[in-house]
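Colleague: Starting from these lines, generate the structure:
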Amino acid sequence: MKTLLSSRPVLWFLFLFNLVVALAAPLVLDGTRGVTTAVGMGVVSLGAGVGLVRDRGGRASV
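Modeller: Take a look at the predicted model:
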């Protein structure tokens, strides 16, 4: 499972999908539910983005 989650296509999907949901959540959902969803999805998106940057840095130095 760790190999699957750390693959570049999965990280790109997680990054982009969660970013779009984080941006749309406050517009679709009302009040604290929209803000909470946006923050949660934003954290997941940032985590995937960090994984992409970290993976890119490792491949460039090899």
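Colleague: Distance-wise, check Pro26 relative to Thr32.
Modeller: 10 Å (Cβ to Cβ, to the nearest Å). C-betas here are computed from N, CA, C, even on glycine.
Colleague: okay, these two: which has more neighbours?
Modeller: Neighbour count, other Cβ atoms under 10 Å: between Pro26 and Thr32, Pro26 has more, with 16 against 8.
Colleague: ok, now how distant is the closest residue to that one other than its chain neighbours from Leu14?
Modeller: Spatial nearest neighbour of Pro26, excluding adjacent residues (Cβ to Cβ, 6 or more residues apart in numbering): Gly34 at 4.2 Å. Gly34 sits 21 Å away from Leu14, taking Cβ to Cβ as the criterion.
Colleague: Compare those two and say which one has the larger neighbour count.
Modeller: Set Gly34 next to Leu14 and count neighbours by other Cβ under 10 Å: Leu14 wins out with 19 against 15.
Colleague: Excluding chain neighbours, what is closest to the more buried one?
Modeller: Ala48 (3.9 Å).
Colleague: Could you name the helices and strands sitting against the helix or strand hosting that neighbour?
Modeller: Using DSSP states H and E, Ala48 falls within helix 31-61. With contacts defined as 3 or more Cβ pairs under 8 Å, 6 or more residues apart in numbering; DSSP states H and E, the packing partners of helix 31-61 are helix 8-28.
Colleague: contact partners of the helix it packs on?
Modeller: Residues outside helix 8-28 that contact it (Cβ atoms under 8 Å, 6 or more residues apart in numbering): 4-5, 34-35, 37-39, 41-42, 44-45, 47-49, 51-52, 55.
Colleague: Report pLDDT for the nearest residue to Val39 once chain neighbours are set aside.
Modeller: Of all residues not flanking Val39 in the chain, Ala22 sits nearest, at 7.7 Å (Cβ to Cβ, 6+ apart). As predicted, Ala22 sits at a pLDDT of 96.
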